[in-house]
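K.L.:
fold the following and give me the result.
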Amino acid sequence: MTLLPLRAEYKKLAERYNKILNDELCKCACCGEFISTSNGFYEDKRYNSGFYPECKKCILAQVEQRNKKTDKPNETKESVQRVLYKMDLPYVNSLYESQKTIVANSVNEVNKKSPFTSYIVVIKSLPQYRDKSWTDSEFGVDDSNNIVTDQKASKELMKDAKKHFGNYPTEDLIFLENEYRSWIQRTQVDSKSQETYVKRICFKLLDIDKAQKLGQDTEKLDASLGKLMGEANLQPKQNVGNAATDSLTFSQLIERWEQERPIPEPEPEFRDVDGIGKYIRVWFKGHLARALGLDNGYAQEYDNYIKQYTVTKNTGNTLDETSEDVYKKIFGEVDN
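P.N.:
Residues are numbered from 1 along each chain as shown. Sure thing, here's the model as predicted:
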């Protein structure tokens with residue numbers, strides 16, 4: 001390559017580099033391409049770049065449920081709600097229905113591609129929606145009860161997520177809280193230090209997830225995650241069945257088992273196999289009851305047990321006669 005073409009290529013590279021520095025070009029966290037921010041991303045003040053990290057094309061593909069460019073668009077209310085939930089934008093059923101009608105009646109084939117595209121433009125532009133989030137969604141009466149339940153569940157999840165992790169982008173909080181709940185359910189967390197380790201593990205998993213989406217190497221992140229898991233004593237081979245269980249007392253194990261269902265009463269043959277229960281009833285409760293002059297079941301059981309080891313002196317004539325006979329057998333008859 002001669003000097004002039006080399007200068008031209010260097011100039012193009014420098015211009016592209018400056019655009020990246022000035023946030024005129026951003027890398028999509030989904031497809032990994034550098035795209036112009038002027039029309040390729042939705043604005044989002046929560047991020048340092050000022051734009052939502054996934055490009056408009058990738059978001060539309062998620063709404064239309066297309067994995068490949070050749071797939072047919074299949075936009076549904078559920079797919080729209082999933083994307084809006086992830087972007088922390090409100091779903092307003094009446095507004096979405098009106099945009100569907102407008103797009104369906106439009107003679108412009110471009111606008112017919114997606115009601116979502118028209119909907120999000122309205123959401124982003126009208127002042128009454130600018131400061132709204134997913135928690136401000138308005139679902140129609142024709143929506144299923146599951147959607148309403150999901151809305152309530154999402155509010156509870158976000159409340160718990162902020163309590164556990166603080167203020168982060170909604171998408172990050174959803175990821176963190178889901179991981180946190182999974183770890184809490186699958187491992188034994190009995191101390192504040194273990195809970196802190198679980199939170200740090202969740203943050204590390206989030207970093208790994210973001211790095212993978214960007215196509216970055218995660219070797220160092222994986223090593224750091226493994227170290228955290230080892231320090232927390234929550235490695236897969238040590239959870240529930242091994243080290244965590246070995247460190248628990250019998251009463252702690254009972255508490256853990258009874259979180260699912262109560263422990264049933266043992267069969268009669270197994271109720272007091274070592275006699276410890278009877279020992280306590282007779283020699284502690286029964287003896288104390290008799291000493292205090294109480295006449296109850298423990299005292300009666302004590303009396304019955306003591307009778308087995310009690311010797312009764314026989315004061316009748318039979319004993320004297322028997323003793324004389326024994327004497328005669330030993331010493332013989334006494335001559336008078």
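K.L.:
run through the strands of the protein in chain order.
P.N.:
Applying DSSP state E to the chain gives strands spanning 25-27, 34-36.
K.L.:
those strands: which one's closest to Glu260?
P.N.:
For the strands of the chain, proximity to Glu260 was assessed by C-beta to C-beta; strand 25-27 is nearest, at 46.6 Å. Heads up, the C-betas are built off the backbone N, CA and C, glycines and all.
K.L.:
that older thread, deepest-packed of the strands of the chain, please.
P.N.:
The highest mean neighbour count among the strands of the chain, using mean count of other C-beta atoms under 10 Å, belongs to strand 25-27: a mean of 19.
K.L.:
how about the strands of the chain, which one is nearest Thr135?
P.N.:
Short answer: strand 25-27, nearest of those by C-beta to C-beta, at 27.1 Å.
K.L.:
other SSEs contacting the closest one?
P.N.:
With contacts taken as 3 or more C-beta pairs under 8 Å, 6 or more residues apart in numbering; DSSP states H and E, strand 25-27 sits against helix 3-21, strand 34-36.
K.L.:
re the thing from before, turn the strands of the chain into JSON lines, including distance to Asp209.
P.N.:
Formatted as JSON lines, the strands of the chain follow (distance: least, C-beta to C-beta, whole Å):
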{"stretch": "strand 25-27", "distance to Asp209": "16"}
{"stretch": "strand 34-36", "distance to Asp209": "21"}
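K.L.:
mean pLDDT lowest where, among those strands?
P.N.:
For these, mean pLDDT drops lowest on strand 25-27, to a mean of 83.
K.L.:
chain center to that strand: distance?
P.N.:
34 Å (C-alpha atoms, centre = their mean, to the nearest Å).
K.L.:
looking at the helices and strands packed on strand 25-27, which one has the lowest mean pLDDT?
P.N.:
helix 3-21 - the lowest mean pLDDT of those, at a mean of 70.
K.L.:
can you pull out the low-pLDDT segments for the chain?
P.N.:
The chain contains residues with pLDDT under 70 at 1, 10, 16-20, 106-113, 140-154, 234-248, 313-323, 334-336.
K.L.:
break it down into its structural domains.
P.N.:
13-146, 164-257, 268-336 (automatic domain parsing).
K.L.:
to what extent is Leu173 buried, counted in neighbours?
P.N.:
Applying other C-beta atoms under 10 Å, we find 21 residues neighbouring Leu173.
K.L.:
contacts only, for it.
P.N.:
Taking C-beta atoms under 8 Å, 6 or more residues apart in numbering as the contact definition, Leu173 lies against Met158, Ala161, Lys162, Phe165.
K.L.:
follow-up on the earlier one: to Glu179, which of the strands of the chain lies closest?
P.N.:
strand 25-27 (24.6 Å).
K.L.:
how close does the residue positioned nearest the centre of the chain sit to Thr76?
P.N.:
For the chain, Arg181 is the residue whose C-alpha lies nearest the centre (C-alpha atoms, centre = their mean; 1.3 Å). Distance, Arg181 to Thr76, using C-beta to C-beta, to the nearest Å: 27 Å.
K.L.:
list just the nearest of the contacts of Leu173 to Lys12.
P.N.:
Of all those, Lys12 sits closest to Phe165, with 42.4 Å by C-beta to C-beta.
K.L.:
tally of neighbours for the residue lying closest to that closest one once chain neighbours are set aside?
P.N.:
In this structure, Phe165 finds its nearest non-sequential neighbour in Leu176, 5.0 Å apart by C-beta to C-beta, 6 or more residues apart in numbering. Neighbours of Leu176 under the rule other C-beta under 10 Å: 20.
K.L.:
now swap in Ile120 and tell me
P.N.:
Neighbour number of Ile120 under other C-beta under 10 Å is 24.
K.L.:
so which of the strands of the chain comes closest to Glu258?
P.N.:
strand 25-27 (51.2 Å).
K.L.:
to Asp325, which of the helices and strands packed on strand 25-27 lies closest?
P.N.:
If you check each of the helices and strands packed on strand 25-27 against Asp325 by C-beta to C-beta, strand 34-36 wins as the nearest, at 121.8 Å.
K.L.:
the closest one packs against which elements?
P.N.:
For strand 34-36, the packing partners by 3+ C-beta pairs under 8 Å, 6+ apart come out as strand 25-27.
K.L.:
so what strands line up beside the strand it packs on?
P.N.:
strand 34-36 (antiparallel) (DSSP bridges).
K.L.:
and the strand it pairs with, how far out from the chain's middle?
P.N.:
Taking C-alpha atoms, centre = their mean, the mean C-alpha location of strand 34-36 is offset from the chain mean by 36 Å.
K.L.:
neighbours of Val63, how many?
P.N.:
By the criterion of other C-beta under 10 Å, Val63 has 24 neighbours.
K.L.:
scratch that, Asp71
P.N.:
11.
K.L.:
now it, what are its backbone angles?
P.N.:
Torsion angles at Asp71 (phi, psi; degrees, to the nearest 10) stand at phi -70, psi 150.
K.L.:
give the contact list for it.
P.N.:
Glu64, Gln65.
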